[in-house]
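In: Turn this into a model:
(chains A, B and C)
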Amino acid sequence: MITRKDLLDIESLETSEVEFILENAKPFKDLFTRSVKKVPALRGKTVLSLFYEPSTRTRTSFEIAAKRLSADVTNFSVSTSSVVKGESIQDTVDTLQSMKCDYIVVRHKASGVPGMIAEMTDASVINAGDGFHAHPTQALLDAYTFKEILPEMKGKRIVIIGDILHSRVARSTARCFHKLGVEVGFFGPGTLIPDAVPEFIHTFRSYEEAVAWEPDVMYLLRLQLERQKHNFLPSLREYHQTFGITHKRFQALREKGTWIMHPGPVNRGVEVADDVMSYERSLINQQVENGIAVRMSVLFSMQPRVAARALGDSGESSS
Amino acid sequence: MIHEIPNGPQLFQGGSIATESDREAKRADLLVEDGVIIGIGPALGIPEGAEVIDCSGKILLPGLFDMLVHLREPGREDEETIQSGTEAAIAGGFTGILTMPNTDPPIDSAAMVRFVQSLARENARIPVQTAGCISKGRLGKEMAEIGDMHATGARLITDDGSSVQDPNLLLRAMQYARSFDMLVGSHCETPMLNGEGVMNLGSMSYKLGVPGMPAISEEICIERDIRIAQHAGARIHIQQVTTSRGLEIIRRFKNEGVAVTAEVSPHHLLFNEEHLAPDYNTSLKMNPPLRTEADSEALLEGLIDGSFDVIATDHAPHSSYKKNMDFMAAPFGILGLETALLSLFDRLIKPGRLGWDSLVRAYAKNPRTILGLDEATGLKEGASLNLVIFDPEGETQITRESLQSQSHNTPWLGKTLAGNVESVWLGKTRLI
Amino acid sequence: MPTTCLLTEADIANKIRRLASEIVEAHPSGPLGFVGIHTRGVVLAERVHQAVTDLRNEPVAYGTVDISLYRDDLDNLGTIPAIKSSDIAFPIDGRNIILFDDVLFTGRTVRAAIDCLMDYGRPSRIQLAVLVDRGLRELPIAADFVGLTHPTTREDHIRVSFTDTDADSEEGVFLL
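Out: As a prediction, this is how the structure comes out:
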């Protein structure tokens, strides 16, 4: 059961709502093997893709998800040159409101913008990533992928490695796994692990310490190559040696059968050595596939605000 | 409602007077003639021909003075002018303010001081003191003409808006200003540590996913600036302290006898970083930022024990367009003048956590003393009338329409605060 | 409101046997597939499938559909329902399909099921088998195999209980 207009972050979801979205994702995934991969559930609805930050992967994933639900998808091009820093969100939203979209999928580099938009519009707002704040659909697809291979989630362990400080994926994914009973650890350079992380997170001082904790999954974050410029890291080479899954470390993980996840795209030679990409226990491709199913579930689960609602005989079979 | 008071005595009868010596306001009447207080006492008789002003149930306060106000004239008259800013001040119970030099162009010369003063004489109903910049253009490189500005009546020099990054410039400015006994004000932050931060660095900045400004940025700058003042033998005023460690540093230097005074804002006493979630409310975005609840508690202690000499709002008007931007892009700063007294009353004085004595000391007396003003600093016999009549049983709704300021960026917008500024009297004039 | 029992547990079993034999009579051979509509249509389909397998030489394929994604009233629901997987593992093309539901009422569920089925492939024929036909059709849909025809009014409520899906009540079909 879910009665919600917007999906802005994991924090505001009840655990039961998280489980609901994941449960509903399975039937959507099953559709992918049919010849007709579409269902008419969102037929005639308009989904607007409002991406202020470029992103081909996430945007395409949402687009496919919406289209498989038979919705009409439009990309609202926000040309980076015309968006002056700090453009009034109100102006954009006023334009969108007049277009009467049902769903708006937003990605913005400033945290809090999807929330602002959600306040101002009747459409369902789905946060596709805002600043370092949240990326709820990524967290949900990560949880779904994890659950597929380790259905008994409680008590399992996951270590998230990399630039936690600047990562909305780390924040949302950690919170989501925690809600589902998985133990979460963080590891990375001292400059990129915030001091004030939530209490439930185990922080590790070294790769060896993280591995000794016996995680079931190593979740690798993408490293932005610019971090070096601001004195967060001396070099990518050193990052790979100290914090990455080097060839040698990979051999050890393979022996243990540890699973690997990554939100993509992967920086080969930085987060992982090249050979990890062909590892049988790499879940990176499943994450992408599941992303579409989970996003279908999310779009199906949220309800835009409609002025007049006829109260149907909900639940009662009008067969 | 402005009117010249008719000649003849006036008796403000039945109210209670707030002073720097008692927590509670004490029952007393006030007798005024020709704009001068000629008698104070519990039950003054009504002299012949006196106008009686009924103050029963009201608190009589000395007019307040705010030492950190941004009037946006010249430069951003769409956000605030000297007139609208001073009207806002009067509405908030202030009869004097010190305006900051980070205008456009900045107040970094005697000519600019004179310009702003003349605008104030024409447009403001209360005296407006001016601060001047420490550096030319407020660029932090070369010293401004401090002597000339002092001669023209500037009361304090500060590069507020920014800290002085070059320690040598700060030292020279202090040594130079010493000869004029000109007070140096310091906005304490270390920009390279703050980086792109938009709020306090801590668990809330993690949760909201925005870059943070660490407390040490303020703390080490406070330490540095006071040490430099100590070395230079100069007076220093630390503006807008927000960290408990920063306060401890100030206490330590005070104990050593350094001539340092310190300031806290009403909003840092009443709000903390947790109030920023989940809405990313830009009306709580300011620099220096709201810190933790523990810091707010410590700051209140500091006000009560006198470690803080002064309360000041850092009144910073910004247009709604700018404040409607996302949290990263919105400018720092919120309004303060019209809600300072009300919010302090509503949240601290009325519940008994702060006494009227602290307020009178920090918000009426000390600011004027520190700036060397011979304006009346209290309700005393022989002093020129400088009075606010405050109704503790009333309440004030803060709305766009009720605000005198041209801007509306206050966290109290749409809220109702206990208390009401009923009237403000200055010399022979009733201002509201 | 008094509750009338329209079919007891034993009655249901009889109806199922009759449906099974009618179906086998109509389809003695050839590719045949049963598709149950979630939730109680699935139980009916399973039971009839069991009975038919005993009567017919050739095997009958079996699948289920959840029509939540094909409903015409998604906008009017207060809360979003949980969806179950549809599971049709056999090829639909060129096959005779019999849809199963517990109660035939307005016909909208069956309409949705037909659309769903069509997205899986192109059956040569679709027929409908129901336990109870209560009338009051809103679409031109008719059942080919009916357990019990019982005309009702809009205010009536038909409740079907199977032990498989409604563990805490006795099995039967009731009119409330």
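In: And the least confident helix or strand in chain A by mean pLDDT, how far out from the chain middle?
Out: Lowest mean confidence among the helices and strands of chain A (mean pLDDT, DSSP states H and E): helix A:89-99, at a mean of 80. Relative to the centre of its chain, helix A:89-99 is centred 26 Å away, using CA atoms, centre = their mean, to the nearest Å.
In: which helices and strands does that helix pack with?
Out: strand A:46-51, helix A:113-120 (3 or more CB pairs under 8 Å, 6 or more residues apart in numbering or on different chains; DSSP states H and E). For glycine as for every other residue, the C-beta is placed from the backbone atoms N, C-alpha and C.
In: since we're on residue A:299, how many residues are nearby?
Out: For residue A:299, the tally of surrounding residues (other CB atoms under 10 Å in any protein chain shown) stands at 26.
In: Residue C:56 too?
Out: Residue C:56 has 16 neighbours, counted by other CB under 10 Å.
In: Look at residue 103 and report its pLDDT.
Out: In the absence of a named chain, this looks at chain A. At residue A:103, the predicted lDDT confidence score is 96.
In: try chain C instead
Out: 95.
In: cool, residue B:278 as well?
Out: For residue B:278, pLDDT reads 89.
In: Surely it is in contact with residue A:115?
Out: Yes - counting by CB atoms under 8 Å, residue B:278 touches residue A:115, with 7.2 Å between them.
In: So between these two, which is more surrounded?
Out: residue A:115 (24 against 13).
In: Leaving out chain neighbours, which residue sits closest to that one?
Out: Spatial nearest neighbour of residue A:115, excluding adjacent residues (CB to CB, 6 or more residues apart in numbering or on different chains): residue A:8 at 5.3 Å.
In: Then residue B:195?
Out: Leaving aside its sequence neighbours, residue B:195 sits nearest to residue B:211 (CB to CB, 6+ apart; 6.2 Å).
In: That neighbour against residue B:205, yeah?
Out: Yes - between residue B:211 and residue B:205 there is a contact at 7.0 Å, judged by CB under 8 Å.
In: give me the number of residues near the closest residue in space to residue B:178 that isn't next to it in sequence?
Out: Among residues not flanking residue B:178 along the chain, residue B:234 sits closest, at 4.6 Å (CB to CB, 6+ apart). By the measure other CB under 10 Å, the count of residues near residue B:234 is 24.
In: same deal with residue B:110?
Out: 19.
In: Repeat that for residue B:200.
Out: 25.
In: low-confidence ranges in chain B?
Out: Scanning chain B for pLDDT under 70 picks out B:1-6, B:375-377.
In: Now whichever residue of it sits closest to chain C: phi and psi?
Out: Going by CB to the nearest CB, chain C is nearest to residue B:278 of chain B, at 23.3 Å. Phi and psi for residue B:278, reported as degrees, to the nearest 10, are phi -90, psi 0.
In: The one 3 residues further on too?
Out: Backbone dihedrals for residue B:281, given as degrees, to the nearest 10, come out at phi -70, psi 110.
In: same check, this time on residue B:148
Out: phi -60, psi -40.
In: Then residue C:76?
Out: phi -100, psi 0.
In: And residue A:73, by the same measure?
Out: With angles defined as degrees, to the nearest 10, residue A:73 sits at phi -110, psi 130.
In: Distance of it relative to chain B?
Out: From residue A:73 across to chain B, the span is 25 Å (CB to the nearest CB, to the nearest Å).
In: Bridge partners for that residue, pull those for me.
Out: On the basis of DSSP bridges, residue A:73 is bridged to residue A:47.
In: correct me, but it touches residue A:45?
Out: No - taking contacts as CB under 8 Å, residue A:73 lies outside contact range of residue A:45: 9.8 Å.
In: now the strands: where do they sit in chain C?
Out: In chain C, the strands defined using DSSP state E lie at C:4-7, C:32-37, C:61-65, C:96-104, C:125-133, C:145-149, C:158-161, C:172-175.
In: Now for the residue nearest the centre of chain C: which residues touch it?
Out: Nearest to the mean C-alpha position of chain C, by CA atoms, centre = their mean, lies residue C:101 at 1.5 Å. By CB atoms under 8 Å, 6 or more residues apart in numbering or on different chains, the residues touching residue C:101 are A:319, C:36-37, C:40-41, C:44, C:109-110, C:113, C:128, C:130-131.
In: Looking at those residues, which one is closest to chain B?
Out: Nearest member of those to chain B, counting by CB to the nearest CB, is residue C:109, at 40.9 Å.
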